[in-house]
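Enquirer: Structure of the sequence below:
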Amino acid sequence: MKSQKSQRIKSRFLGLAKRAEDFLIPPLCVICNGALEHDRWLCRSCLNSLCVNHNTRNACPRCSQNRGRRDCACEFAWDYPFQKAFSIYDYDDTLRLIARHIKYKGKKRLAYHMGQISASLIPQDFFDNIDIIIPVPLHKSRMRARGYNQAEWFARGVFKGMNSCLRLHIDLLRRTKNTGTQTKLDKESRLSNLACAFAVNPHKICELKGKKLVLVDDILTTGATVEACTEELIRGGCASVRVLSMGRD
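Expert: As a prediction, the model looks like this:
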């Protein structure tokens, strides 16, 4: 009991200290250290950069690759198990820094904020007939180290921005294998690394049968992670999967 009271006092003190710090040293843009105006994380210039990023994407309607930057073969050789993917932004320098703050600097609220301010950019029909939304899960060791799942917080922000009544299910799919970072691996190596990395929660499998899902991730690169997730979800009995991501590399 004494420990809980001590924690509450400590939390209040830290809150007061943070407010005093913000008053004396106003928070700056997480990207460029520019002055903030109406947004608590990003300056007007960086918000405009995100807007230009989205508006100049010539996205493939299936894999969401920006065909202005790189050709895709979806028209002739669609080989993903999910129905389609939608990425809100290209993975440019601005989004790379945002993703770094989210994943490695403890800024889970930035992931939520990005979902909230970007929700209106998702096509209105993307969630048509969808039953369940799930984030790509983290392995428990990564979850312990980071303290949160960035894909989950991004998804929560999207729901807030959409005023959606859909529910986010965070325990239908589990990551059973710690695959480590896959940043420097090509698609084949990623697929091999991800073999048997995900499993449907056996206690929740009845909630999955016949359902249509949206699977949410932060950055879509080769698609190997969401492909492995989708294959496991389909084995578990879901009817279909669509993929939503904040960025497309």
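
Enquirer: switch to C-alpha atoms for all contacts and neighbour counts from now on
Expert: Will do.

Enquirer: so who does residue 50 touch?
Expert: 89, 94-95 (Cα atoms under 8 Å, 6 or more residues apart in numbering).

Enquirer: Which one (most neighbours) among those residues?
Expert: residue 89 (26 neighbours; other Cα atoms under 10 Å).

Enquirer: per-residue pLDDT, that one?
Expert: In this model, residue 89 is scored at 97, pLDDT.

Enquirer: and if you look at residue 17?
Expert: 50.

Enquirer: Could you do residue 183 as well?
Expert: 60.

Enquirer: Grab the nearest non-local neighbour of residue 143.
Expert: residue 149 (6.6 Å; Cα to Cα, 6 or more residues apart in numbering).

Enquirer: rewinding a little: strands - which of the contacts of residue 50 land there?
Expert: Counting by DSSP state E, those place residue 89 in strands.

Enquirer: got CSV for the contacts of residue 50, with distance to residue 114 too?
Expert: What follows is the contacts of residue 50, written out as CSV (distance: Cα to Cα, whole Å):
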residue, distance to residue 114
89, 11
94, 12
95, 10
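
Enquirer: Among the contacts of residue 50, which one sits closest to residue 30?
Expert: Residue 30 lies nearest to residue 94 out of those, by Cα to Cα, at 9.9 Å.

Enquirer: number of nearby residues for residue 124?
Expert: 10.

Enquirer: any idea how far it lies from residue 230?
Expert: Distance of residue 124 to residue 230, computed by Cα to Cα, to the nearest Å: 22 Å.

Enquirer: Same question for residue 104.
Expert: 26 Å.

Enquirer: Kindly report the same for residue 91.
Expert: On the measure of Cα to Cα, residue 91 and residue 230 end up 23 Å apart.

Enquirer: Who has more neighbours out of the two?
Expert: Remark: of residue 91 and residue 230, residue 230 carries more neighbours, 26 against 20, as counted by other Cα under 10 Å.

Enquirer: Can I get the host helix or strand of that one in PDB? Just the C-alpha atoms.
Expert: Assigned by DSSP states H and E, residue 230 belongs to helix 224-235. Output of helix 224-235 as PDB, limited to C-alpha atoms (Å, rounded to 0.1, in the frame of the first residue of the first chain):
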ATOM      1  CA  ALA A 224       6.900 -11.000 -45.600                       C
ATOM      2  CA  THR A 225       5.700 -10.300 -42.000                       C
ATOM      3  CA  VAL A 226       2.100  -9.600 -43.000                       C
ATOM      4  CA  GLU A 227       2.200 -12.500 -45.400                       C
ATOM      5  CA  ALA A 228       3.300 -14.900 -42.600                       C
ATOM      6  CA  CYS A 229       0.600 -13.500 -40.300                       C
ATOM      7  CA  THR A 230      -2.100 -13.800 -43.000                       C
ATOM      8  CA  GLU A 231      -1.300 -17.400 -43.800                       C
ATOM      9  CA  GLU A 232      -1.600 -18.300 -40.100                       C
ATOM     10  CA  LEU A 233      -4.900 -16.400 -39.800                       C
ATOM     11  CA  ILE A 234      -6.300 -18.100 -42.800                       C
ATOM     12  CA  ARG A 235      -5.200 -21.500 -41.400                       C
END
